[in-house]
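Participant: I'd like to go over a predicted model; first the sequence, then the structure.
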Amino acid sequence: MVWIGVVSFATDASTEMIYPLLPLFLSGLGAGAGFIGVVEGAAEAMASLLKLVSGRLADRARRKKPLTVFGYGVSSLVRPLTGLATHPWMVLLIRLTDRFGKGVRSSPRDALLADATSPEHRGRAYGFHHAMDNAGAVIGPAIASALLIWGKLSLSAIFLWSAVPGAVAMAALIFGVRERGSDEKSPAGEKVKSASLSDEKVKSVSPSAEKVKPVSLSPADADGERRLLRYLAVLGVFALGNSSDAFLLLRAKQLGVANWLIPFLWMVHNGTKAALGTLGGALSDRLGRRRLIIAGWAVYGAAYLGFGWADAAWQMWPLFVFYGLYYALTEGSEKALIADLAPASRRGRAFGLYYAVVGLIALPASLGFSALADRFGALPAFSVAAGLAAAASVLLATLIPEPSRPAKA
C-alpha cells in the first residue's frame, strides 16, 4: 500500500525534525544523559504496552483504519508542542503522549499492510514501508538544518514547524489509505472468511450461538505461534543490548561533531536506511528472513564496537552509514517474519507482542547502557551491547527454523 508509505514518510519527516536535536534541547534545559535515557526508555516502553493492546483490538475490530487514524492524529497534534517546553519534565510528558499515539497506531497499521500483501512479496512490502519511513527521516533533519542555519530559527521554533509534515501525513492517511479485508489477499484469510460463513450458519440456527467464538488453531498455525514465541524470546536478548540511538548522537557530540552537523549526520544515517531498506526486505523474500536478520545483527555488533573504539569526530560519519545497513537488513525482514509466523486472524496480536518485547526492554536497555557508560566509559558499554547481539544471533540460528517460503504463482 503506497499511501501507507506516504503517511510514514511525512510522519517521520515531522518526528526527525525534532529527534536528532532533542538531546541538545534537553541538555540546554539542564537534563543529563541519565534523564535522556529515562525519556527515551519510558516513552518506548509505554508505546510497546499500547501496541500490544491495540493489536488485540485490531484483531477484534471489523476495521483497522480507525485505530490507525486516531494514533497518528494524537502524535501529530502533540509532537510540535515540544517547542513550548521550558523544563525537562514537560518534554517527558510530550514525548510520552507522542509515543501513546505511536502505540495505538503501529500494530493495526502493520496488520493492515499484511492483509493487503501477498506472502511472497511481504518482505519487499515491509522493506518499502520502512524505506519511506527512513526517507522521511532524511528530509526531516534536512529541513531542521536549513531552518537552523539559514532561517536562524531557535530549536523551539523548529519543533513548532514540525506540525506541517504532520498535517500532510494525516491528510494522506484519511483521504489516501483504503482498507482491505485479510480475506482478499492472504490464503490464510480464506480460512478466516470460511470460518465467518460457518458462524453465520450457526447463528441462523440458534441466537445463543452468537456468543460462541472459535478458539482452536490448525496444527500449522499452532506450530507457527510456538516458533513466534521462541523468536520473540530471542529478540528479547538482542533488545537488551539495543539502547536508544540518542546515545549514538551524544557519542558523536562527545567526539567533537558540531551541533549544526548533528542533523546532517542523522540524515546520512537515515539516507542509508532509505536507500537499502526495500532491497533488504526483498532479499529476505529470496534468501530467507532468518539469514537477513542474523546478518543485520552481525552488522549491529560490529558497528557498536566501532562506536566504542572511535576516537575522532570524522569516524562518526562512516560508522553511522554502516549502522544504517543494520536497519536495512532487519526492519523489513523482522516484520515479514512476524507476519509469516502468525495466523492471519491473530496478526494484530502478534505485532503487538513483537512491539511489547522490543519496547518494554528499551527502558532497562537504555538505563543499563547509560549506567555502564557513566561508570566504566563508552567502550565497555558498547562492547556489552555487541556481545548481546552476537548471543542473539547464535540463538536465532539454532532455535528458530527458517519458515517455508510460499511457492510463486
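Facilitator: Perfect, I can see it now.
Participant: helices of the stretch 101-250 of the chain, start to end?
Facilitator: Along the stretch 101-250 of the chain, the segments classed as helices by DSSP state H, counting those that start in this stretch run 122-149, 155-161, 163-176, 187-205, 219-240, 246-254.
Participant: give me the helix or strand of the protein that scores worst on average pLDDT.
Facilitator: Lowest by mean pLDDT, DSSP states H and E among the helices and strands of the chain is helix 187-205, with a mean of 41.
Participant: hmm, back to that, and of the helices of the stretch 101-250 of the chain, who's closest to Ile94?
Facilitator: helix 155-161 (9.5 Å; C-beta to C-beta). C-betas here are computed from N, CA, C, even on glycine.
Participant: could you dump the helices of the stretch 101-250 of the chain into CSV with distance to His269 and mean neighbour count added?
Facilitator: Below are those laid out as CSV (distance: least, C-beta to C-beta, whole Å; neighbours: other C-beta atoms under 10 Å):
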stretch, distance to His269, mean neighbour count
helix 122-149, 8, 24
helix 155-161, 19, 19
helix 163-176, 19, 17
helix 187-205, 36, 13
helix 219-240, 19, 17
helix 246-254, 8, 21
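Participant: ok, which of those helices comes nearest Asp115?
Facilitator: helix 187-205 (7.0 Å).
Participant: residues in contact with stretch 71-85?
Facilitator: Residues outside stretch 71-85 that contact it (C-beta atoms under 8 Å, 6 or more residues apart in numbering): 7, 11, 14-15, 18, 22, 25, 29, 54, 90-91, 94-95, 97-106, 108-109, 155-163, 166-167, 169-170, 173.
Participant: contact partners for the residue nearest to Tyr355 when sequence neighbours are not counted?
Facilitator: Counting by C-beta to C-beta, 6 or more residues apart in numbering, Tyr355 lies nearest to Lys51, which is 3.5 Å off, once chain neighbours are set aside. Counting by C-beta under 8 Å, 6+ apart, Lys51 makes contact with 102-103, 106-107, 351-352, 355-356, 359.
Participant: how far away is Lys51 from Ile361?
Facilitator: As for Lys51, its distance to Ile361 is 13 Å (criterion: C-beta to C-beta, to the nearest Å).
Participant: need the contact list for Ile293.
Facilitator: With contact taken as C-beta under 8 Å, 6+ apart, Ile293 is in contact with 284, 329-330, 333-334, 337, 396.
Participant: repeat that with 10 Å
Facilitator: Ile293 sits next to 231, 234-235, 238, 284, 329-330, 333-334, 336-337, 392-393, 396-397, 400 when contact means C-beta atoms under 10 Å, 6 or more residues apart in numbering.
Participant: what's the answer for Leu228, then?
Facilitator: 337-338, 340-343, 346, 349-350, 353-354, 400, 403.
Participant: neighbour count, secondary structure and pLDDT for the residues you listed - can I get that in a markdown table?
Facilitator: Shown next, in a markdown table, are the contacts of Leu228 (neighbours: other C-beta atoms under 10 Å; DSSP: H, G, I helix; E, B strand; the rest coil; pLDDT from 0 to 100):
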| residue | neighbour count | secondary structure | pLDDT |
| --- | --- | --- | --- |
| Leu337 | 28 | helix | 87 |
| Ile338 | 25 | helix | 87 |
| Asp340 | 22 | helix | 84 |
| Leu341 | 23 | helix | 83 |
| Ala342 | 25 | coil | 81 |
| Pro343 | 20 | coil | 79 |
| Arg346 | 21 | helix | 81 |
| Arg349 | 23 | helix | 84 |
| Ala350 | 26 | helix | 86 |
| Leu353 | 23 | helix | 88 |
| Tyr354 | 27 | helix | 88 |
| Ile400 | 21 | coil | 81 |
| Pro403 | 19 | coil | 66 |
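Participant: between those, which is nearest Leu248?
Facilitator: Comparing these against Leu248 with C-beta to C-beta places Tyr354 closest, at 23.1 Å.
Participant: hmm, back to that, what is the lowest-pLDDT residue among the contacts of Ile293?
Facilitator: Least confident of the contacts of Ile293 in the model: Ile400, at 81.
Participant: hang on, the earlier thing: could the contacts of Lys51 go into a markdown table alongside distance to Ile149?
Facilitator: Converted to a markdown table, those look like this (distance: C-beta to C-beta, whole Å):
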| residue | distance to Ile149 |
| --- | --- |
| Lys102 | 29 |
| Gly103 | 34 |
| Ser106 | 33 |
| Ser107 | 38 |
| Phe351 | 39 |
| Gly352 | 41 |
| Tyr355 | 36 |
| Ala356 | 40 |
| Gly359 | 34 |
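Participant: now do the same end-to-end measure for stretch 282-295.
Facilitator: From its first residue to its last, stretch 282-295 covers 14 Å (C-alpha to C-alpha, to the nearest Å).
Participant: now that stretch: buried residues?
Facilitator: Buried residues in stretch 282-295, defined by neighbour count with 16 or more other C-beta atoms under 10 Å: 282-285, 288-295.
Participant: that one: how far from the chain's middle?
Facilitator: 18 Å (C-alpha atoms, centre = their mean, to the nearest Å).
Participant: stretch 69-76 too?
Facilitator: 16 Å.
Participant: do the same with stretch 272-287
Facilitator: Relative to the centre of its chain, stretch 272-287 is centred 16 Å away, using C-alpha atoms, centre = their mean.
Participant: ok so, going back, show me the buried residues of stretch 282-295 that map onto helices.
Facilitator: 282-285, 289-295 (DSSP state H).
Participant: hmm, back to that, could you work out the most separated pair of the buried residues of stretch 282-295?
Facilitator: The span of these, defined through C-beta to C-beta, is set by Ala282 and Ile294 at 17.3 Å.
Participant: gap between the residue lying closest to Leu24 once chain neighbours are set aside and Leu287?
Facilitator: Computed as C-beta to C-beta, 6+ apart, the closest residue to Leu24 that is not its neighbour in sequence is Asn259, at 5.9 Å. Per C-beta to C-beta, Asn259 is found 41 Å from Leu287.
Participant: ok, Asp110 next?
Facilitator: 22 Å.
Participant: picking up where we left off before, point out the least confident one among the contacts of Lys51.
Facilitator: Lowest confidence among these: Gly359, with 76.
Participant: just give me the neighbour total for the nearest residue in space to Gly140 that is not next to it in sequence.
Facilitator: In space, and not counting its chain neighbours, Gly140 is closest to Glu16: 3.0 Å by C-beta to C-beta, 6+ apart. Look at Glu16: counted by other C-beta atoms under 10 Å, it has 27 neighbours.
Participant: much appreciated, bye for now.
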